[in-house]
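Enquirer: Requesting a structural model of the entry that follows:
(one chain, ligands or ions: 1)
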Amino acid sequence: MSATGRTLRALTTGLLGSGAVGLGCLAYAGFYERNAFRLRRVEVPVLPAGARSLRVLHISDLHLSPADLKRQRWVSELSGLEPDLVINTGDNLAHRDAVPYVLRCLGRLMEVPGVYVWGSNDYYAPTFKNPLGYLAGPSQAKNPRRTKLPWEQLGRGLDEAGWLNLTHTRSALEINGIRIGFRGTDDAHLGLDRYERVAGHVDRTEVDVAIAVTHAPYLRVIDAMAADGNDLIVAGHTHGGQVCVPGYGALVSNCDLDTRRVKGLSQHRAGGRTAWMHVSAGLGTSPTAPVRFACPPEATLLTLTERPQGQGATDRSAGPAQMG
Ligand SMILES: [Fe+2]
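Expert: Numbering: from 1, shown residues only. Below you'll find the predicted structure:
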C-alpha cells in the first residue's frame, strides 16, 4: 500500500472511531445518565445555637411529561426521607397534560410544609433545541411563539396542599420551634424578577433563619438576597451545566452565575454580607434536549444545623468555595 493509501486508511479509521465514541457518549447521556437519579446530602450551618436540625428537601427542574415514568417513581419515593420542609424551585412541567403526574409523584411530600417559585418551564412548553445547544450559552427564554403550560392548575394543587407560593411574596413558617422567614421572586430567566417587592433587611427579632428562593440564580437577584442578610439562597435552573466535562465540570450555567457554583453548596457575598447558596442540578432535562453527561439528575437533602459558636447570622467568611 502506498503512503497516501496508508494515510487515508488511518484517517478513515480515526474518524470512524471518533464517531463511534461520540455515538456511545450520546447513547449513555440519553438512555442511562438522565435516569441515574441521585440524592445529594449537604449540611448548612444557619440555625441559632441550641436549635434542633431541620431536614429540607430541595427539588427542582422536574420538566415532567406523562411518559417520564422513572422520574415519577424516583420522586415519589423521596417522601421516605421524612423531610421537615420541601423547597421546589420551579420548572416542573414539560407537557400540557403533566400537572396530575407532578401532583401524583409529589404525593406524600405535599403532606409536609412546602414552598415554591415558578420557572420558565412552568409557564411555557419547551421548544426544539439542538441537544448540545445548552453549551452555546444562556438559552433564549423570551419567545412569543412558545406554547403556554397550565401552571395555574399546578399552583392550585400545590396551594390546596398548603404549600406557599413565594413569587414576590414574603412568608413565614414555624417548624420544630424554629421561625423560618421566606421570600422569593418570579423567574429571572424570563426577566420577571422584581426583588424590590420583597426587599428589606432580615429582622432577627422575627425570624431565626431567613431563606430566599428563586428559580434562576442571576447575580442581580442573589446579590440583593445576600445583601439583605438572608442566611440561605435556594435556586435551580442551571441543570448543573447538564452536559459537563469529566474532571473539569460545567461549561455553562445558563445564566450569569460562574460555572464553579453551578450546582451544590457555595457562598455568595454582596453588600458586606455572606449567604449560603444551594443550587440544584435538577431532576430533569428539556424533552427536546434529553441528555445529561457527567451531571446526573439530583435532589438534595439539606440538613440545617447550628451556626458555629460565636458566629452571628451572615457573619461568616466570604468565599466561592464549592462545598457540595
Ligand atoms: Fe430547568
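Enquirer: For the rest of this, base every contact and every neighbour count on C-alpha atoms.
Expert: Fine.
Enquirer: Give me every residue in this protein lying close to the ion.
Expert: Taking CA under 5 Å from the ion as the contact definition, the chain meets the ion at 61, 237.
Enquirer: Report how many residues lie close to the nearest residue to residue 115 once chain neighbours are set aside.
Expert: Nearest residue to residue 115 in three dimensions, chain neighbours excluded: residue 164, at 4.5 Å (CA to CA, 6 or more residues apart in numbering). As a burial measure, residue 164 scores 22 neighbours (other CA atoms under 10 Å).
Enquirer: correct me, but residue 164 touches residue 114?
Expert: Yes. Using CA atoms under 8 Å, residue 164 is in contact with residue 114, at 6.3 Å.
Enquirer: dump the residue contacts of the most centrally placed residue in the chain.
Expert: Centroid-nearest residue in the chain, with CA atoms, centre = their mean: residue 236, separated by 2.1 Å. Going by CA atoms under 8 Å, 6 or more residues apart in numbering, residue 236 touches 60-61, 89-90, 214-217, 279-282.
Enquirer: Tell me which residue of the stretch 151-300 of the chain lies closest to the ion.
Expert: residue 237 (4.5 Å; CA to the ion).
Enquirer: burial measure for that residue, as a count.
Expert: 31.
Enquirer: check contacts around the closest residue to it other than its chain neighbours.
Expert: Distance criterion CA to CA, 6+ apart; nearest residue to residue 237, sequence neighbours excluded, is residue 216 at 5.0 Å. Listed by CA under 8 Å, 6+ apart, the contact set of residue 216 reads 119, 187-189, 235-238, 255.
Enquirer: Helices of the stretch 1-150 of the chain, start to end?
Expert: 3-27, 69-76, 99-106, 120-123 (DSSP state H, counting those that start in this stretch).
Enquirer: swap that for the stretch 151-300 of the chain, sorry
Expert: 151-160, 219-227.
Enquirer: so the nearest residue to residue 230 once chain neighbours are set aside bridges to which residues?
Expert: Counting by CA to CA, 6+ apart, the nearest residue to residue 230 once its immediate chain neighbours are dropped is residue 210, at 4.9 Å. With DSSP bridges as the criterion, residue 210 is bridged to residue 181.
Enquirer: I figured residue 210 hits residue 234, correct?
Expert: No. Look at residue 210 against residue 234 with CA under 8 Å: they stay out of range, at 11.0 Å.
Enquirer: So which of these two has more stuff around it?
Expert: residue 210 (26 against 23).
Enquirer: So, low pLDDT: which residues of this structure?
Expert: Across the chain, the ranges flagged by pLDDT under 70 are 1-22, 28, 128-145, 310-324.
Enquirer: Could I get the full set of strands for it?
Expert: Remark: strands assigned in the chain by DSSP state E are 38-47, 54-59, 85-88, 114-116, 164-165, 170-175, 178-184, 209-213, 232-235, 264-270, 273-279, 298-306.
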